[in-house]
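J.: fold the following and give me the result.
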Amino acid sequence: MSLSLLQRIARGDQAAVAGCINQYSDLIWSLARRYLGMDADAEDAVQEIFIELWSNAGRFNPEFGSEVTFVSTISRRRLIDRLRKKGRAPGISTIDDTPESAMAQEGYEADQYTEVQNVIDVLSEMEAEHSQIISLSVYEGYSHSEIADQLNIPLGTVKTKVRRGLIHIREQLKIAAEDND
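T.: Numbering: from 1, shown residues only. Next comes the predicted model:
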């Protein structure tokens, strides 16, 4: 089995750093433009995201998700943190307006898009409140306590629904992967 780019970076492979830039620069730039617009702040954010990816490459575990999911999650979290420091809220309001929709428009590989689409399909099959809580947590980067405040539900309920929802998504993705084999 060949190693992913992030696994190679974690092992000190300098060529993998360039490969990471080539593979993910379009995705990270599209996320930065979506969250921050076209300014110097977006350029700084992209640089910080790559540094964070390389610093945390050892945390990537392909058993928990794909490399593109890891990259986009770190990117979104870094961008949301940047927006919060500036006092602005993220501009993403629905699943259809997520960076993953931009991935389809910008020509990302079919397997990357398919994986994201599978997650969106699983979310759409969940009950509305459950899907909303997962979306607020994963797509918009809200903390559990922020979600509880926003939806006026107990913090424990939010934590339980996020945990169960992520487990359900992981199980459904495994089933989908087995069906494709």
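
J.: could I get the full set of helices for the chain?
T.: In order along the chain, the chain carries the following helices (DSSP state H): 5-10, 14-36, 40-55, 67-86, 99-105, 110-125, 128-138, 144-151, 155-180.

J.: for those helices, which one ends up most surrounded?
T.: helix 5-10 (a mean of 20; mean count of other C-beta atoms under 10 Å). Where C-beta positions appear, they are placed from N, C-alpha and C, glycine not excepted.

J.: got the domain ranges for this protein?
T.: Under the assignment automatic domain parsing, the domains of the chain span 1-91, 94-181.

J.: output the helices of the chain in a markdown table; the columns should cover mean pLDDT and distance to residue 61.
T.: Rendered in a markdown table, the data for those read as follows (pLDDT from 0 to 100; distance: least, C-beta to C-beta, whole Å):
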| stretch | mean pLDDT | distance to residue 61 |
| --- | --- | --- |
| helix 5-10 | 90 | 9 |
| helix 14-36 | 86 | 17 |
| helix 40-55 | 88 | 14 |
| helix 67-86 | 85 | 8 |
| helix 99-105 | 46 | 21 |
| helix 110-125 | 65 | 16 |
| helix 128-138 | 80 | 17 |
| helix 144-151 | 84 | 22 |
| helix 155-180 | 81 | 12 |
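
J.: next one: the residue nearest the centre of the chain from residue 156, what distance?
T.: When the chain is reduced to its mean C-alpha position, the closest residue under C-alpha atoms, centre = their mean turns out to be residue 73, at 2.8 Å. Here the criterion is C-beta to C-beta, to the nearest Å. By it, residue 73 lies 24 Å from residue 156.

J.: ok, now residue 138?
T.: Taking C-beta to C-beta, one finds residue 138 at 19 Å from residue 156.

J.: can you check residue 85 too?
T.: Counting by C-beta to C-beta, the gap from residue 85 to residue 156 is 29 Å.

J.: swap in residue 68?
T.: Residue 68 sits 32 Å away from residue 156 when distances are taken as C-beta to C-beta.

J.: do residue 131 as well
T.: With C-beta to C-beta as the criterion, residue 131 and residue 156 are 19 Å apart.

J.: before I go, just wanted to say thanks for your time.
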